[in-house]
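**Q** no sequence for this one, just the structure:
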């Protein structure tokens with residue numbers, strides 16, 4: 001596993017924008033694929049074996065599976081479409097309040113004033 005992490009870090013440091021452009025859709029495809037596989041395996045093979053395909057419990061499990069799957073995919077889409085960069089902030093949010101000014105620093109990468117938490121969480125992604 002260290003080889004994968006080291007390789008990802010190497011390519012992310014070398015070309016951050018290209019790495020994000022490739023890694024994010026790939027990661028989302030893995031999440032969607034695994035979620036669909038697990039839900040369908042559970043609902044088509046495991047649950048009918050436990051309860052029978054004509055039982056009320058089976059129908060309730062299907063409704064619950066659809067509801068949970070919808071929540072997973074809707075939240076994934078919301079997270080994917082949300083701009084978390086400093087550019088996504090309003091002009092008022094881009095400058096610190098006087099009592100929070102000590103928590104803000106100038107980013108070396110994007111040359112913008114950013115909160116310290118933004119620098120600690122994802123230093124290569126805010127631009």
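**A** Arrived safely, thanks for sending. Everything numeric in this text was worked out from a predicted model, so none of it was measured.
**Q** Please make it C-alpha for all contacts and neighbour counts, starting now.
**A** Will do.
**Q** Go ahead and flag the most central residue of this structure.
**A** Taking Cα atoms, centre = their mean, the centroid of the chain lies closest to residue 79, which sits 5.7 Å from it.
**Q** how much space between that one and residue 17?
**A** In this structure, residue 79 and residue 17 are separated by 18 Å, where distance is defined by Cα to Cα, to the nearest Å.
**Q** and what of residue 35?
**A** Taking Cα to Cα as the criterion, residue 35 is separated from residue 17 by 27 Å.
**Q** before we move on, what about residue 23?
**A** Counting by Cα to Cα, the gap from residue 23 to residue 17 is 10 Å.
**Q** give me every residue that touches residue 51.
**A** 57-58 (Cα atoms under 8 Å, 6 or more residues apart in numbering).
**Q** Ramachandran angles for it?
**A** Main-chain torsions, residue 51, degrees, to the nearest 10: phi -120, psi -20.
**Q** How about residue 114?
**A** The phi/psi pair for residue 114 (degrees, to the nearest 10) is phi -130, psi 150.
**Q** do the same with residue 105
**A** Reported as degrees, to the nearest 10, the phi and psi values for residue 105 are phi -140, psi 160.
**Q** Residue 53: neighbour count?
**A** Number of residues near residue 53 (other Cα atoms under 10 Å) recorded here: 14.
**Q** Remind me which helix or strand it belongs to.
**A** No secondary structure element spans residue 53, as it lies outside all helices and strands (assigned by DSSP states H and E).
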